[in-house]
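Asks: Have a look at this fold, sequence not included:
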């Protein structure tokens, strides 16, 4: 969206400067994210009187009326209209007496020139997939993003080449359901990684964002293990360690299958980093079921765990379980217990990398407390080290002396 504006002659300003157009790209994963979106919209209106405020993304897709309560002057666009944002904005401006209709349909298009850079970021993010067919019972994403669909390789590869030529040394492949890439074309993620390795030139590495466990095939594990181009870090959401809770969540893999998957990962890549997501307080979760989650976490030993309290989402199957909510004080206490375990696992892993040689992507900002350079290993451990500013934005090899 930013590059559409740049291509149309707009200038991008910082968040502290006055703007003529403010675009808020929203999320609706949790009730907290909904509230944060509303706060950002109100702030944009207050700080930029007279500016055109545009609201896009998943919250715009699912709760248009709530957004209109903030202001009738907001331009709300669907996810499928993002690639025509500037056109829609100009169309509304040229016909100010006619509001852009809620049913104004542009359709899904991939004709934009693609991404060339990410201001203020060391990593480049290339989206290769959209939508989701999993319908986990707690998740609203399929309702606002639609069915799974993949960008073809002949769109992805040129974009990767472009950002590499522009100096980016780490390419993060992203998607709503990344592991499902290629299924609609009779392909798979390992095939795309092969193509990237064959076609793209220059020094860079590829990192995979979140991949659901049932998409982590043996072929994918072997591909990650076979090349230095791919970071030895997989984020694989677990969500719960209890089989009954997993069944209610409509997750495809039981806890035993998940543990077996992580074992196969570590057989191939003993030093690889596995990170995960967990939901605490799913409706009806008992103390025994939560203890099963603790046991599973201790068994699979994630390097880092993102812990979320359950958030009820309208329109999901979990909404039918609203009468069986876990009390907030119990959820808070369980999160604390889980965090105690996951923090120790994270510390143990970081301690294990001390004194080892690692390939690090150097960040643009030095550590505020120490003045040392900061960087991330391919296993996504933040490290601090001595070095010159010339290393910023580059890949370099260091012996780890201290973890961030």
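Replies: Received, thanks. Quantities reported herein were computed from a predicted structural model and do not represent experimental measurements.

Asks: what number of residues lie near residue 28?
Replies: 22 (other Cβ atoms under 10 Å). Glycine gets a C-beta too; all of them are placed from N, C-alpha and C.

Asks: oh sorry, the question was meant for residue 256
Replies: The burial count for residue 256: 11, using other Cβ under 10 Å.

Asks: now do residue 143
Replies: By the criterion of other Cβ under 10 Å, residue 143 has 17 neighbours.

Asks: ok, it - contacts?
Replies: 62, 315-316 (Cβ atoms under 8 Å, 6 or more residues apart in numbering).

Asks: moving C-terminal of whatever helix or strand it lives in, what's the next helix or strand?
Replies: Using DSSP states H and E, the element containing residue 143 is helix 141-145. Next in sequence after helix 141-145, counting helices and strands by DSSP H and E, comes strand 149-150.

Asks: can you pull the buried residues of the helix or strand just after that next one?
Replies: Per DSSP H and E, the first helix or strand lying C-terminal to strand 149-150 is helix 153-165. By 16 or more other Cβ atoms under 10 Å, the buried positions in helix 153-165 come out as 153, 156-157, 159-164.

Asks: tilt between the helix or strand just after helix 153-165 and helix 153-165?
Replies: Per DSSP H and E, the first helix or strand lying C-terminal to helix 153-165 is strand 170-175. Using axes from the mean of the first three to the mean of the last three Cα atoms, to 10 degrees, one finds that strand 170-175 and helix 153-165 are set 150 degrees apart in direction.

Asks: So which other helices or strands are in contact with strand 170-175?
Replies: Judged by 3 or more Cβ pairs under 8 Å, 6 or more residues apart in numbering; DSSP states H and E, the packing partners of strand 170-175 are strand 123-130, helix 153-165, strand 205-208.

Asks: Strands along the stretch 251-400 of the chain, start to end?
Replies: 273-280, 304-309, 357-362, 373-377, 382-385, 395-399 (DSSP state E, counting those that start in this stretch).

Asks: Check which helices and strands the fifth one sits against.
Replies: For strand 382-385, the helices and strands in contact under the criterion 3+ Cβ pairs under 8 Å, 6+ apart are strand 357-362, strand 373-377, strand 402-403.

Asks: hmm, 10 Å instead?
Replies: helix 328-353, strand 357-362, strand 373-377, strand 395-399, strand 402-403 (3 or more Cβ pairs under 10 Å, 6 or more residues apart in numbering; DSSP states H and E).

Asks: Quick one, which of those gets closest to residue 203.
Replies: strand 395-399 (6.3 Å; Cβ to Cβ).

Asks: What lies in contact with the closest one?
Replies: Applying Cβ atoms under 10 Å, 6 or more residues apart in numbering, the contact partners of strand 395-399 are 169-170, 203-205, 354-362, 373, 375, 377-378, 383-387, 390-391.

Asks: who does that strand pair up with?
Replies: Strands adjacent to strand 395-399 in the sheet, as given by DSSP bridges, are strand 357-362 (antiparallel).

Asks: The strand it pairs with versus strand 373-377: what angle between them?
Replies: Using the same axes, to 10 degrees: strand 357-362 against strand 373-377 is 120 degrees.

Asks: Buried ones in strand 357-362, by neighbour count?
Replies: Neighbour counts over strand 357-362 (16+ other Cβ under 10 Å) mark 358-362 as buried.

Asks: now swap in stretch 286-297 and tell me
Replies: Here stretch 286-297 shows 289-290, 292-294, 296-297 as buried, counting by 16+ other Cβ under 10 Å.

Asks: So which of those are in helices?
Replies: Counted as lying in helices by DSSP state H, out of the buried residues of stretch 286-297, are 289-290, 292-294, 296-297.

Asks: need those in CSV with pLDDT and distance to residue 23, can you?
Replies: Output for those, formatted as CSV (pLDDT from 0 to 100; distance: Cβ to Cβ, whole Å):
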residue, pLDDT, distance to residue 23
289, 98, 42
290, 98, 41
292, 98, 44
293, 98, 39
294, 98, 42
296, 98, 41
297, 98, 39
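
Asks: now, which of the residues you listed sits nearest residue 183?
Replies: When these are compared against residue 183 (criterion: Cβ to Cβ), the nearest one is residue 296, at 28.0 Å.

Asks: list the contacts for the closest one?
Replies: 238, 240-243, 246, 255-256, 258-259, 278.

Asks: Next: residue 295.
Replies: Residues near residue 295 by Cβ under 10 Å, 6+ apart: 241-242, 255, 341.

Asks: For it, give its distance to residue 289.
Replies: Going from residue 295 to residue 289 by Cβ to Cβ, to the nearest Å gives 11 Å.

Asks: what's the answer for residue 163, then?
Replies: Distance from residue 163 to residue 289, by Cβ to Cβ: 44 Å.

Asks: And for residue 15?
Replies: Distance from residue 15 to residue 289, by Cβ to Cβ: 43 Å.

Asks: and stretch 29-42, average pLDDT?
Replies: Stretch 29-42 carries an average pLDDT of 94.

Asks: what comes up buried for it?
Replies: For stretch 29-42, the neighbour count (16+ other Cβ under 10 Å) marks 29-30, 34, 37-38, 40-41 as buried.

Asks: Counting only helices, which of the residues you listed make the cut?
Replies: Those of the buried residues of stretch 29-42 lying in helices (DSSP H): 34, 37-38, 40-41.

Asks: re the thing from before, can you check which residues contact both of residue 295 and residue 289?
Replies: With Cβ under 10 Å, 6+ apart as the test, residue 295 and residue 289 both reach 241-242.

Asks: circling back to that earlier point, ok, so of the buried residues of helix 153-165, who is nearest residue 1?
Replies: Distance to residue 1 across those (Cβ to Cβ) is lowest for residue 159, with 15.3 Å.
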